[in-house]
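Visitor: Here's a sequence, model it:
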Amino acid sequence: MTKLSVNINKIATIRNARGGNTPNVVQVAIDCERFGADGITVHPRPDERHITTQDVYDLYKVVKTEFNIEGYPDARYMQLVEETMPAQATLVPDPPGVLTSNAGWDTKTNYDLLKDLVAHLKSINVRSSIFVDTNLQNIEYAAKIGVDRIELYTGPYAEVYSQNKEKAIAPYVEAANFAKSLGLELNAGHDLSLENLKFFKQNIPFLAEVSIGHALISDALYFGLENTIQRYKFLLKDF
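Guide: You can find the predicted model right below:
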């Protein structure tokens, strides 16, 4: 069964809007795990617009499933990874000013940088993942870099899904099969939802993990957090 990692950035966004510690990010992470989440994902941006540096240090002490820290691999990010030793570090090519992750790495252009980073992650026993689009060259070079996994950027899939789901999924199936043939494990994330997740999973049954935040937390406003996590996990079952 594909694992569900719950991205709790939006919980931190709500807290930061008011100050204080409500909602409590650490408690929400604990509750997500209790409700069935297979992992917790955070993206500690330099401006701390949601997850803060302190959040990362607080969370790594309590997360009992898989802790996934994603972000742009600058010195600050790498220090966080080295000091907290998450299960997975997901390298994302977004500079500090962007609103959200909206593109994958050009792995050929950034080959030397990424190869050194991945080698370092391996040396400290942290699983590495690189955020990429469906461009086959970027996947090929990810494999050459030696990364453990790639995470497919699913924003374009979500955008097209409601108009033509077959067209939306086609490049992802090709990319996923190519990645598998190169020995890469596969994650996916960005704008996956209750509407489009099942179709994605059905077409890529060997998907290792999805990371979902914005849609899941939004759904929880209506359905409750426990019910929402169970709904997402049901869509990820191997039928």
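
Visitor: Run through the residues that contact the residue nearest the centre of the chain.
Guide: Centroid-nearest residue in the chain: residue 211, 3.9 Å away (criterion: Cα atoms, centre = their mean). The neighbours of residue 211, taking Cβ atoms under 8 Å, 6 or more residues apart in numbering as the test, are 5, 6, 7, 39, 41, 68, 70, 90, 151, 187, 188, 189. Placement of C-beta: from N, CA and C, glycine included.

Visitor: now swap in residue 159 and tell me
Guide: Here residue 159 is in contact with 168, 191 (criterion: Cβ under 8 Å, 6+ apart).

Visitor: For it, identify the helix or strand it belongs to.
Guide: helix 155-161 (DSSP states H and E).

Visitor: And that helix, what's buried?
Guide: Judged by neighbour count using 16 or more other Cβ atoms under 10 Å, the buried positions of helix 155-161 are 155, 156, 157, 158, 160, 161.

Visitor: Please save the CA atoms from it in CSV.
Guide: Only the C-alpha atoms of helix 155-161 are listed here, as CSV (Å, rounded to 0.1, in the frame of the first residue of the first chain):
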residue,chain,number,x,y,z
GLY,A,155,0.6,20.1,-10.1
PRO,A,156,0.1,19.8,-13.8
TYR,A,157,-1.8,16.5,-13.3
ALA,A,158,-4.2,18.2,-10.9
GLU,A,159,-4.7,21.1,-13.3
VAL,A,160,-5.7,18.9,-16.2
TYR,A,161,-7.5,16.1,-14.4
